[in-house]
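Novice: Here is my input, please return the structure:
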Amino acid sequence: MNRSLVAIAALCATLTAAPAAVAQDAAVILRTSVALDGRGASLTNVDVLVEHGRITKVAKAITLSGARVIDLRGRTVLPGLIDVHTHPTWYFNRQGRYHTTGDGDTPLQAMLAASANAYATLSAGFTTIQSLGATEDKDLRDWINTQGVPGPRIITSLQAITNGDPDRLRQLVQQRKQQGADVVKIFASASIRDGGKQSMTDEQLAAVCGEAKAQGLRSVVHAHSAESVRAAVNAGCSQVEHGVFVTQAELDLMASKGTWFDPQCSLVFRNYLDNRAKYDGIGNYNAEGFASMERALPLAAEGIRKAVATKNLKMVYGTDAVAGAHGRNAEDILCRVQTAGQKPMDAIVSATSLNAASLGWGATLGALAAGYEADIIAVDGNPLTDITAVRRVSFVMKGGRVVKDDGHPGSK
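Specialist: All right, here's what the predicted structure looks like:
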């Protein structure tokens with residue numbers, strides 16, 4: 001993408017975002033009445049001290065001369081949420097249709113839409129996302145990191161890898177790394193709309209995941225069918241996405257091998273169905289495709305129910321947020337708790353410290369603890385007793401900068 005166009009898009013996104021990020025040069029003390037630490041503990045009446053973008057202390061009654069005090073008492077404070085499967089460059093164009101190449105939108109317009117999606121996601125309390133993936137992610141990631149565009153921290157695979165002989169697949173992994181990818185995305189099965197059958201051989205998967213490991217990159221695999229999940233796990237791939245058709249045998253295999261598992265509960269399927277008119281007729285978004293997603297809804301929830309009960313399975317949280325779903329990334333937390341029976345605290349841990357660990361950032365992200373990035377949110381209500389509270393994000397701090405504060409009294 002032309003860099004000047006991206007710069008203009010970034011400027012426009014920054015100017016139109018409200019409220020703008022507030023830099024925290026001075027120390028900040030967040031006063032809380034209830035705080036969830038992201039690791040499974042609930043803390044009462046603690047303060048969180050933030051200095052230079054990091055949490056430096058979590059304790060009762062912190063005082064520091066010159067520090068700004070933000071009173072978050074009456075709300076529930078927790079680490080910034082993490083979504084390990086999103087698509088921020090997917091959007092609906094001005095004709096109310098899913099944007100595809102050739103629909104008339106310019107690269108500048110596409111980047112403006114992506115910037116808006118990024119801001120909506122951040123405002124919903126998701127301070128880090130993993131995009132799987134698009135080449136445009138690189139510019140969006142970099143402009144958020146360096147040019148002030150408001151959005152979550154982005155980890156991206158850039159363009160996914162879909163096929164090729166083993167040597168070619170190894171070359172593609174090397175190429176992605178040179179292009180600036182943070183992770184490798186691999187398609188090992190067909191779309192759910194096409195039945196989800198295995199589309200890569202065991203040899204191909206071993207080649208691409210083996211090369212990713214050799215290059216120091218994680219490998220995240222799209223796999224719906226039981227056989228494609230087994231192949232990805234046995235090939236040593238880092239993480240399996242979707243797994244709608246897994247059986248207990250595949251869940252046990254992932255647990256025994258230490259493979260991260262990221263199933264979706266409902267958001268991606270319901271989003272497609274609710275926005276059918278905007279997708280219908282594009283590629284495999286057709287009658288059979290939508291029927292497949294209808295059938296997937298109960299299977300997905302039941303699969304998560306089984307995953308919750310599988311000992312030692314590392315189940316992370318990713319939504320596969322596409323056009324229409326950005327900013328609603330917390331909906332699958334509700335689905336996991338209300339439909340699939342996951343405990344509220346466990347669902348929150350999946351979306352915070354466990355997700356951070358899956359990204360290799362478990363020592364710096366995803367927890368309210370000294371030394372961690374000051375990614376901190378507050379929600380109205382207590383998600384441990386009312387999981388819908390995760391929809392009501394009223395305060396967001398990312399890297400020590402306040403990017404959302406709905407004006408509750410108590411800040412000074």
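Novice: Tell me where the stretch 151-300 of the chain has helices.
Specialist: In the stretch 151-300 of the chain, the helices defined using DSSP state H, counting those that start in this stretch lie at 166-179, 202-214, 226-234, 248-257, 267-274, 276-279, 287-308.
Novice: For the nearest residue to residue 136 once chain neighbours are set aside, the count of nearby residues, please.
Specialist: Nearest residue to residue 136 in three dimensions, chain neighbours excluded: residue 89, at 4.8 Å (CB to CB, 6 or more residues apart in numbering). Bear in mind the C-beta positions are built from the backbone N, C-alpha and C, glycine included. Residues near residue 89, counting by other CB atoms under 10 Å, number 24.
Novice: can you check the one 10 residues further on too?
Specialist: Residues within reach of residue 99, counting by other CB under 10 Å, total 22.
Novice: burial of the residue nearest to it when sequence neighbours are not counted, as a residue count?
Specialist: Closest residue to residue 99 apart from its sequence neighbours, by CB to CB, 6+ apart: residue 93 at 4.6 Å. A count of neighbours around residue 93, defined by other CB under 10 Å, yields 17.
Novice: Surely residue 93 touches residue 106?
Specialist: No: contact criterion CB atoms under 8 Å: residue 93 and residue 106 do not qualify, at 11.0 Å.
Novice: For residue 138, find the nearest of the helices of the stretch 151-300 of the chain.
Specialist: The minimum distance between residue 138 and the helices of the stretch 151-300 of the chain falls on helix 166-179, with 7.2 Å, by CB to CB.
Novice: ok, residue 258 to residue 31 distance?
Specialist: Distance, residue 258 to residue 31, using CB to CB, to the nearest Å: 39 Å.
Novice: returning to that earlier point: mind listing what the residue nearest to residue 136 touches?
Specialist: By CB atoms under 8 Å, 6 or more residues apart in numbering, residue 89 lies in contact with 110, 113, 114, 117, 131, 134, 136, 137, 140.
Novice: So which of these is the closest to residue 342?
Specialist: Nearest to residue 342 among the contacts of residue 89, counting by CB to CB, is residue 131 at 24.6 Å.
Novice: contacting residues for residue 161?
Specialist: Contacts of residue 161 were listed using CB under 8 Å, 6+ apart, and they are 169, 172, 173, 176, 184, 185, 186, 187, 208.
Novice: where does it land on pLDDT?
Specialist: On pLDDT, residue 161 comes in at 97.
Novice: burial count for the residue nearest to residue 380 when sequence neighbours are not counted?
Specialist: Nearest residue to residue 380, sequence neighbours excluded (CB to CB, 6+ apart): residue 392, at 4.1 Å. Using other CB under 10 Å, residue 392 has 17 neighbouring residues.
Novice: and residue 392, how far is that from residue 284?
Specialist: 36 Å.
Novice: Residue 61 now?
Specialist: Remark: distance between residue 61 and residue 284 (CB to CB) = 58 Å.
Novice: Let me know the pLDDT of residue 194.
Specialist: Note on residue 194: pLDDT of 89.
Novice: List the residues that contact it.
Specialist: Taking CB under 8 Å, 6+ apart as the test, what residue 194 contacts is 284, 289, 292.
Novice: what about the first one, how many neighbours?
Specialist: Using other CB under 10 Å as the criterion, residue 284 is surrounded by 14 other residues.
Novice: ok, and the closest non-adjacent residue to it?
Specialist: Nearest residue to residue 284, sequence neighbours excluded (CB to CB, 6+ apart): residue 193, at 4.5 Å.
Novice: Does that neighbour touch residue 287 like I think?
Specialist: No: Residue 193 lies out of contact with residue 287 (CB under 8 Å); the separation is 10.3 Å.
Novice: Now do the contacts for the most centrally placed residue in the chain.
Specialist: In the chain, the residue lying closest to the centroid (CA atoms, centre = their mean) is residue 83, at 1.6 Å. By CB under 8 Å, 6+ apart, the contact set of residue 83 is 121, 126, 128, 129, 130, 317, 318, 319, 321, 329, 351, 355.
Novice: mind redoing it with 6 Å?
Specialist: Listed by CB atoms under 6 Å, 6 or more residues apart in numbering, the contact set of residue 83 reads 126, 129, 318, 319, 329.
Novice: Now do the contacts for the first one.
Specialist: Neighbour list for residue 126: 81, 83, 152, 329 [criterion: CB under 6 Å, 6+ apart].
Novice: again, only this time at 10 Å
Specialist: 80-83, 86, 118, 120, 151-153, 319, 321, 326-327, 329-330, 351, 375, 377, 393, 396, 398 (CB atoms under 10 Å, 6 or more residues apart in numbering).
Novice: Looking at it now. What's its pLDDT?
Specialist: According to the model, residue 126 scores 98 on pLDDT.
Novice: And for the last one?
Specialist: If you check residue 329, the pLDDT there is 98.
Novice: how many other residues sit next to it?
Specialist: Neighbourhood size, residue 329 [other CB under 10 Å]: 28.
Novice: Let's see the pLDDT reported for the closest residue to residue 236 other than its chain neighbours.
Specialist: Counting by CB to CB, 6+ apart, residue 236 lies nearest to residue 209, which is 5.3 Å off, once chain neighbours are set aside. With respect to pLDDT, residue 209 scores 98.
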